[in-house]
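Okay, structure incoming, though there's no sequence with it:
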């Protein structure tokens, strides 16, 4: 039970990380955090008891570096929801396409890479979408740290949704 996940928020309610119940109770005991959302039940000691936390918030603000999401094929597929960004199909195999080809100075960046199905990637070839007469479904952008929590850590408890901006 002590290994269940707890969402840890900064003082301003910004998601920081996920910890286990044991770490959360230690933060509560030391007075460094407060319970925002709780599960049913209690953790008891000889002379005190703590509610089982689901979401805790730090009492004082800490400056923490934002989670950096690595640019790789898996993360691009997750960002684009395993969908071709030209035709909207979810056919396999999916490839990674440079919006602005390397030949024209395109870089390997979040803003220049999209997921494309094989027919669309072949049709676009070594041209820009405008040259190929194709349109992107959505503009590619770098995911933020909320995306990190929503897609990489996942929602382990329904009570987390308002704090991860999913409601």
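Everything's here; your move. In this text, all values refer to a predicted model and were calculated from it rather than measured experimentally.

Any buried residues in the host helix or strand of residue 53, and which?
Residue 53 is located in strand 49-58, with elements delineated by DSSP states H and E. Going by neighbour count (16 or more other C-beta atoms under 10 Å), the buried part of strand 49-58 is 50, 52-58. Every C-beta, even on glycine, is put in place using the N, C-alpha and C of the backbone.

Residue 75 belongs to a helix, doesn't it?
Yes. The assignment for residue 75 by DSSP: H, G, I helix; E, B strand; the rest coil puts it in a helix.

how about the nearest residue to it, chain neighbours excluded?
residue 69 (5.8 Å; C-beta to C-beta, 6 or more residues apart in numbering).

what about the one you found, which SS state?
coil.

From what I see, it and residue 78 are in contact.
No. Taking contacts as C-beta atoms under 8 Å, residue 69 lies outside contact range of residue 78: 9.3 Å.

can I see the domain layout of the chain?
For the chain, the structural domains run 5-65+145-164, 73-132, going by automatic domain parsing.

Kindly provide the whole-number mean pLDDT of the lengthiest strand in the chain.
If you go by DSSP state E, the chain has its longest strand at strand 33-44. Here strand 33-44 scores 88 as its mean pLDDT.

what's it in contact with?
4, 8-9, 21, 24-25, 27-28, 49-59, 157, 159-160, 163 (C-beta atoms under 8 Å, 6 or more residues apart in numbering).

Could you check how far residue 134 is from residue 30?
Separation of residue 134 from residue 30 (C-beta to C-beta, to the nearest Å): 57 Å.

Show me which of these two is the more surrounded one.
Set residue 134 next to residue 30 and count neighbours by other C-beta atoms under 10 Å: residue 134 wins out with 16 against 9.

which ones are touching the more buried one?
So residue 134 contacts 86, 120, 123-124 (C-beta under 8 Å, 6+ apart).

element containing residue 78, please.
helix 73-79.

mind checking how far the following helix or strand past that helix is from the chain centre?
The C-terminal neighbour of helix 73-79 among helices and strands, as given by DSSP H and E, is strand 94-98. Between the centre of strand 94-98 and the centre of its chain there are 21 Å (C-alpha atoms, centre = their mean, to the nearest Å).

Stretch 52-67 too?
The answer for stretch 52-67 is 16 Å, by C-alpha atoms, centre = their mean.

Going forward, count from 25.
From this message on, residue numbering opens at 25, which makes the last subject stretch 76-91.

in stretch 123-136, what counts as buried?
123, 125, 130, 134, 136.
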